[in-house]
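[1] sequence first, then the predicted structure:
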Amino acid sequence: MEFSIKQSVLKEELGFIQGVVERKTTIPVLSNILIESLGEGSIRIVGTDLDVTIRCDAEAEIKKPGAMCVQARKLFDIVRNLGDGDVHFKKEENEWVELKAGRAKFRLAGVNKEQYPEIPMFKSAPLKLAAETFNYFIQNTAFAITNETSRFTLSGAKFVMDGDVARMVTTDGHRLAFIEKKLDAASEAKMDALIPKKALLELVKISRDGGDVAFGEDQNHIYFETGGRLLITRKLTGNFPNYEMVMPKDNDKKVSFDLADMKSAVRRIALMADERNRSIRVTVREGEVEVTAQSSEEGEGNEVVPADYSGTEEITLGFNHQYLQEFLNNVGALESAGAAAENEGESDGSNAATARAKDSKPTRISFEFKDANAATQIRIDGDTAYDYKYIVMPLRI
């Protein structure tokens, strides 16, 4: 195989694939990517960890068709340090690959294509959703997915698309994030599946240019296609908890405040929280919310945030400050266009998201609660495009 490709094009596509390539794996071939020729004018690059696969097509000048497998991380490190211009690849008979760019020349060890795992065949993608909507769903919910590998059914998001409604729900057993959007057009095709967290975060990256995401499923996999890139993920199996049972229905008290004020206050006061239980107190009273934390070994801190309160009774709510901070951080970053992607070292460049961020007014957040012993429901005030709820179980204080 022999081909030439622009450095900027190759660097971008290799960047998308790095997230699924295993660096430390018991199957050495998974640290490689597969590059194949497609006709005379393009190549196909594939990376996989067997659970999530990303396939990217890119323009290239094919001089000799074929396929090669090379070490993914090393190739990416080389390519991103090259200058602008063409990069020339030539596969040698012993599976080694010669790479030339300008005055630089490299030889990389390769493996036989036959050792590379077979990629699931791409099925039809009957469903479609705007990339901006998908990304908004993911960025608002992915942080609430559990990191405990033993809780298999909670290690992803429940995604439902039914008629003219799309919905995503995540939980780790202590908190729950729910988001729903009414779509402009109804779809006859339906989906109700559990999508792994890793696949969600990679989807944000490959769809950052905007447009639509086409997707579909078979018995074991879900397929997402956008802008010449394809993401394939295994479904999670098992039954997702009945999330509707934990959604509060009788929260009669509400307090609202500026997101930026509360975000800053929680970040500062959390420094004084006990490291074992991460406890932070939020005392709601007329005209203000007081945030306090204390540690028997290190001291205490408190800060007051101006607020509008619909009740008369003073109530103190207890939270794990990490649960509160992750919500405040993600909502704030979303309004400035792209939290999850930025957290992964990327940014969402969609014009629509950027325009929304520029035009948006200061965001206000509301806590809805019944008493100190019931779950608190947190919402974004004035958000009519999405039905978004973040529910946190109380921390006894």
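    Sure, I can see it.

[2] and the longest helix for this structure?
    As assigned by DSSP state H, the longest helix anywhere in the chain is helix 321-335.

[3] give me the three-state assignment for the most centrally placed residue in the chain.
    If you average the C-alpha coordinates of the chain and look for the closest C-alpha using CA atoms, centre = their mean, you land on Leu201, 3.0 Å from that point. Three-state call for Leu201 (DSSP: H, G, I helix; E, B strand; the rest coil): helix.

[4] so it touches Thr141, yeah?
    No: assessed by CB atoms under 8 Å, Leu201 is found out of contact with Thr141, at 11.5 Å. The C-beta positions use only the backbone N, C-alpha and C, and glycine is treated the same way.

[5] how close does Glu12 sit to Ile138?
    As for Glu12, its distance to Ile138 is 21 Å (criterion: CB to CB, to the nearest Å).

[6] from the middle of its chain, how far away would stretch 148-163 be?
    Remark: stretch 148-163 is offset 13 Å from the chain centroid, using CA atoms, centre = their mean, to the nearest Å.

[7] let me see the mean pLDDT of the longest helix of the chain.
    Looking at helix 321-335 alone, the average pLDDT works out to 81.

[8] ok, stretch 13-23 next?
    Per-residue pLDDT values across stretch 13-23 average out to 90.

[9] Glu12 and Ile138: which is more packed in?
    Shown here are Glu12 and Ile138; by other CB atoms under 10 Å, Ile138 has more neighbours (26 against 14).

[10] what helix or strand does that one sit in?
    Assigned by DSSP states H and E, Ile138 belongs to helix 131-141.

[11] now the angle between helix 321-335 and that helix, please.
    Going by axes from the mean of the first three to the mean of the last three CA atoms, to 10 degrees, helix 131-141 is angled at 160 degrees with respect to helix 321-335.

[12] which residues of the stretch 201-350 of the chain score low on pLDDT?
    332-350 (pLDDT under 70).

[13] longest strand anywhere in this protein?
    Determined from DSSP state E, the single longest strand within the chain is strand 175-196.

[14] note down every partner strand of it and its orientation.
    Under the criterion DSSP bridges, strand 175-196 sits next to strand 156-171 (antiparallel), strand 387-392 (antiparallel) in its sheet.

[15] which one of those strands lies nearest to Asp51?
    Between Asp51 and those, the shortest separation by CB to CB is 10.8 Å, and it involves strand 156-171.

[16] would you check the distance separating that closest one from the middle of the chain?
    Centre-to-centre, strand 156-171 and its host chain are 15 Å apart (CA atoms, centre = their mean).

[17] hmm, who's touching it?
    127, 129, 133, 137-138, 140-142, 144-146, 154, 176-187, 189-197, 199-200, 236, 240-241, 243 (CB atoms under 8 Å, 6 or more residues apart in numbering).

[18] can you point out the buried residues in it?
    Burial within strand 156-171, assessed by neighbour count using 16 or more other CB atoms under 10 Å, is assigned to 156-161, 166-171.

[19] over to stretch 221-232?
    By neighbour count, with 16+ other CB under 10 Å as the criterion, the buried positions of stretch 221-232 are 221-227, 229-232.

[20] follow-up on the earlier one: of the strands paired with strand 175-196, which is nearest Ile78?
    When the strands paired with strand 175-196 are ranked by distance to Ile78, counting by CB to CB, first place goes to strand 156-171 at 34.0 Å.
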